[in-house]
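Asks: can you look at this prediction? I've put the sequence above it.
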Amino acid sequence: MKAFRFTHIDHCSVLITDVEKARQFYGGTLGLTEIAPPREFDFVAVWYDLGGTYLHLLLKPHPDTISPRHFCLHVTDARAAREHYRALGVPIDETVKIAAADRFFVRDPDGNRIEVLQWDRPYAPATDGRFSA
């Protein structure tokens, strides 16, 4: 038996190439709250508090490879979020509706994929899920 257990994801890191564009998108467009990164860092990092989980933006000379990889932000009203981002001119990528969830994707200025999701009810793996062989 393990002497520890995992409790949750603490943070997600995303590569950015322009700090001001990233701040405008994550803080302005998405409305996330920026917090100070650790003073011990000797590199550029921009941190956001997601209510006890964190998003770390790491400045690099080149963007990450465009891929289906993503992180997901939970919202209380996906329809209102969609309308808000459309009004700001943020392209929305619709996707497959999954059991009990409304969701869509947006991309940051470096092309990083972000899922925006609202659960209509708790996910029930026994009835909503499937295991593949």
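Replies: Received it, and whenever you're ready, just let me know what you need.

Asks: which regions of the protein sit below the pLDDT cut-off?
Replies: Scanning the chain for pLDDT under 70 picks out 132-133.

Asks: helices of the protein, start to end?
Replies: Along the chain, counting by DSSP state H, helices occupy 19-23, 78-87, 125-128.

Asks: and Arg79, how far is that from Thr95?
Replies: 15 Å (Cβ to Cβ, to the nearest Å). Heads up, the C-betas are built off the backbone N, CA and C, glycines and all.

Asks: so which bits of stretch 99-109 are buried?
Replies: 101-109 (16 or more other Cβ atoms under 10 Å).

Asks: between those residues, which sits nearest Ala126?
Replies: Ala101 (16.4 Å; Cβ to Cβ).

Asks: in contact with the closest one, which residues?
Replies: Neighbour list for Ala101: 117-120, 123 [criterion: Cβ atoms under 8 Å, 6 or more residues apart in numbering].

Asks: could I get those residues as a markdown table with neighbour count and distance to Ile66?
Replies: Formatted as a markdown table, the contacts of Ala101 follow (neighbours: other Cβ atoms under 10 Å; distance: Cβ to Cβ, whole Å):
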| residue | neighbour count | distance to Ile66 |
| --- | --- | --- |
| Leu117 | 17 | 21 |
| Gln118 | 18 | 25 |
| Trp119 | 16 | 27 |
| Asp120 | 10 | 30 |
| Tyr123 | 13 | 28 |
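
Asks: just to revisit the earlier point, out of the helices of the chain, nearest to Ala3?
Replies: Comparing those by Cβ to Cβ, helix 125-128 comes nearest, at 26.8 Å.

Asks: which other residues reach the closest one?
Replies: With Cβ under 8 Å, 6+ apart, helix 125-128 has contacts from 98-100.

Asks: sorry, back to before: just the buried residues of stretch 99-109: which are in strands?
Replies: 101-107 (DSSP state E).

Asks: great, nothing more from me.
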